[in-house]
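K.L.:
Sequence first, predicted model second:
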Amino acid sequence: VQLQESGPGLVKPSQTLSLNCTVSGGSITTFNYAWSWIRQPSGKGLEWMAVITYDGSTYYSPSLKSRISMSRDTAKNQFSLQLSSVTPEDTAVYYCAKGRARTYDYWGQGTQVTVSS
């Protein structure tokens with residue numbers, strides 16, 4: 001399984017950050033699979049953000065729940081992240097990964113997103 005993040009590297013404060021993760025070598029609808037977004041600000045640890053399961057159920061980090069949503073496009077074998085009202089504190093490397101609950105077996109390479117005017 002391979003995952004590839006895509007999206008803008010620069011987002012202005014108060015705007016919405018949108019990222020896609022394209023999956024190859026496996027279907028996002030395979031029974032019991034789950035797909036997560038995780039981020040890492042520079043010099044800090046990993047932060048789990050959200051997960052979407054094989055049946056389309058979504059779960060979000062409580063600290064981000066008011067600003068975050070995940071969706072998927074099964075035809076493209078992609079899942080997506082939207083994070084609204086971003087601030088410079090949302091600057092991080094964003095990763096998509098296969099798995100949930102701190103157990104991930106495949107990761108994308110990560111994409112740097114900077115929030116700045």
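P.N.:
Looks like it arrived, so ask away. Numbering: from 1, shown residues only.

K.L.:
For Thr29, what is the enclosing helix or strand?
P.N.:
Under the criterion DSSP states H and E, no helix or strand holds Thr29.

K.L.:
Quick one: neighbours of it, just the number.
P.N.:
Thr29 sits with 13 neighbouring residues when counted by other CB atoms under 10 Å. The way it works is simple: take the backbone N, C-alpha and C, and place the C-beta from them, glycine included.

K.L.:
Tell me who's in contact with it.
P.N.:
The neighbourhood of Thr29, defined by CB atoms under 8 Å, 6 or more residues apart in numbering, consists of Tyr54, Asp55, Thr74.

K.L.:
how about the nearest residue to the second one once chain neighbours are set aside, phi and psi?
P.N.:
I take that to be Asp55. Once flanking residues are discounted, Asp55 sits nearest to Thr29: 7.7 Å by CB to CB, 6 or more residues apart in numbering. Note on Thr29: backbone dihedrals following degrees, to the nearest 10 are phi -100, psi 10.

K.L.:
buried stuff in the host helix or strand of Met49?
P.N.:
Secondary structure from DSSP H and E places Met49 in strand 47-53. The neighbour-count check on strand 47-53 (16 or more other CB atoms under 10 Å) flags Trp48, Met49, Ala50, Val51, Ile52, Thr53 as buried.

K.L.:
tell me which of those residues is nearest to Ser36?
P.N.:
Nearest to Ser36 out of the buried residues of strand 47-53 is Val51 (CB to CB; 4.5 Å).

K.L.:
For that closest one, give the beta-bridge partners.
P.N.:
With DSSP bridges applied, Val51 shows beta-bridge pairing to Ser36, Tyr59.

K.L.:
got the contact list for Thr74?
P.N.:
Thr74 sits next to Ile28, Thr29 when contact means CB under 8 Å, 6+ apart.
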